[in-house]
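> Just the structure for this:
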Amino acid sequence: MGRQELSDQQWNAIAEWVPTGMSNGRRGGRPPVNRRRGVNGLLWILSTGAPWRDLPGEYGRWQTVWRLFDQWNGCGGLARIVRSLQVACIESGQVDNDL
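Residues are numbered from 1 along each chain as shown. Predicted coordinates for the structure are as follows:
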């Protein structure tokens, strides 16, 4: 597991807010994309600042991860995850509410 990848505990904390049933954008019965792998790819991009095209293959095709990011951002999924994590961190005392 790389530095940017979610641990099992971290994934379990956000898995319910990551939209399900997201496909890779293709038709023809292809299976849905692994949500955790997509989130890990997104975290790699955000933490490195690298261009999408430089996404390592272990996270899937860059186009697929970008499409998932675009869909999750468009439906408000990423905002819900951030808000939920903020509330959980404030309630547990890990983050000062004044931040």
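
> Now do the same contact list for Thr48.
Gln4, Asp54 (Cβ atoms under 8 Å, 6 or more residues apart in numbering). Any C-beta I mention is one placed from the backbone N, CA and C, and that applies to glycine too.

> Please determine how far it is located from Pro56.
10 Å (Cβ to Cβ, to the nearest Å).

> now do Ile14
In terms of Cβ to Cβ, Ile14 sits 21 Å off from Pro56.

> For the two, indicate the residue with more neighbours.
Legend: neighbour count by other Cβ atoms under 10 Å for Ile14 and Pro56, higher for Ile14 (19 against 12).

> low pLDDT regions in the chain?
Low-confidence segments of the chain (pLDDT under 70): 1-2, 20-31, 97, 99.

> where exactly do the helices run in it?
Along the chain, the segments classed as helices by DSSP state H run 8-14, 35-48, 62-74, 77-91.

> Leaving out chain neighbours, which residue sits closest to Leu55?
Of all residues not flanking Leu55 in the chain, Trp62 sits nearest, at 4.1 Å (Cβ to Cβ, 6 or more residues apart in numbering).

> repeat for Leu78
Sequence neighbours aside, Trp72 is the residue nearest to Leu78 in space, at 5.1 Å (criterion: Cβ to Cβ, 6+ apart).

> any idea how far the residue positioned nearest the centre of the chain is from Glu91?
Nearest to the geometric centre of the chain sits Val39, at 2.6 Å (Cα atoms, centre = their mean). Going from Val39 to Glu91 by Cβ to Cβ gives 23 Å.

> One more: Arg80?
Distance from Arg80 to Glu91, counting by Cβ to Cβ: 16 Å.

> now Val65
Counting by Cβ to Cβ, the gap from Val65 to Glu91 is 31 Å.

> do Asp8 as well
Remark: distance between Asp8 and Glu91 (Cβ to Cβ) = 21 Å.

> re earlier: quick check, the residue nearest to Leu78 in contact with Pro19.
Yes: Trp72 is within contact range of Pro19, at 6.0 Å (criterion: Cβ atoms under 8 Å).
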